[in-house]
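# Need coordinates for the following:
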Amino acid sequence: MGLNKEDKELLALTPALIVEDDAAMQRRLRALLAGIDSEADIALAASLAAAREQLAAHAFSLVLVDLGLPDGNGCELIAWLHANRPETQVLVISAWGHEDLVLSALRAGAIGYLLKEREDIELSLSLRSIQRGGAPIDPAIARRILELLPQEPSPPTVPPSDVKLSEREIEILKLIARGCSNREIAELVSLSRLTVEGYTKTIYRKLAVGSRTAAVFEAKNLGLLQ
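Sure thing, here's the model as predicted:
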């Protein structure tokens, strides 16, 4: 059976690399990915060192990273991937949900942050959302991050002179804040998805962030989004 137009536009979840030192969690994540794609190509790494070996030998579309690894913090790997493999999507799946850790991972370049405690169906739905350009954040974490934003109007702030977004970039950023995928944004603003991805990368660069959630968070802090 041929793929329809929407299927053809799905982003690849494999080859995938699972960076996790707990064997039971490795099996769980492998099963979740296989449930989405029965022919998924999945590699495993139980440490930062093992992950770097895998990355030196293979290209991956998706990397699932735990933050608490035997030889360091997973944020180190996320930052390295963002700098050296920008085409690779990185998703954190961790037992830790403290706001500081979440923001550190998102600023390093993770596209999302999920908690291991969630049911398999919840994690599977989040993984599927990545295929459509989504940036899944555990709902409880997202709520706490939103609570960090100012709740009362504050005096207008003047963004740093080196952070200036064009009207089109602001328009796209507002749609990102609404949770629209790149494909949905492209349809709404009558641009190609590649053009929208180009604008998104420019926004990331100007705001010095590595993910959609971090871009919205920083833009609100700078007064670029009302």
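
# in stretch 185-200, what's buried?
The neighbour-count check on stretch 185-200 (16 or more other CB atoms under 10 Å) flags Ile185, Ala186, Leu191, Arg193, Thr195, Val196, Glu197, Tyr199, Thr200 as buried. The way it works is simple: take the backbone N, C-alpha and C, and place the C-beta from them, glycine included.

# Now the fourth one: closest residue in space, sequence neighbours ignored.
If you skip the residues right next to it in sequence, Arg193 has Ala186 as its closest partner in space, 4.4 Å away by CB to CB, 6 or more residues apart in numbering.

# Dihedrals phi and psi, Gly134?
phi -80, psi 170 (degrees, to the nearest 10).

# my bad, Asp22
Torsion angles, degrees, to the nearest 10, at Asp22: phi -90, psi 120.

# residues touching the closest residue to it other than its chain neighbours, list them.
Distances taken as CB to CB, 6+ apart put Asp66 closest to Asp22, at 7.7 Å, once the chain neighbours are dropped. Listed by CB atoms under 8 Å, 6 or more residues apart in numbering, the contact set of Asp66 reads Val19, Glu20, Asp21, Asp22, Met25, Gly74, Val92, Ile93, Ser94, Ala95.

# From those, keep the buried residues only.
The buried subset of the contacts of Asp66 - by 16+ other CB under 10 Å - is Val19, Glu20, Asp21, Met25, Gly74, Val92, Ile93, Ser94.

# so Ile145 makes contact with Glu99?
Yes - here Ile145 lies in contact with Glu99, judged by CB atoms under 8 Å, at a distance of 6.2 Å.
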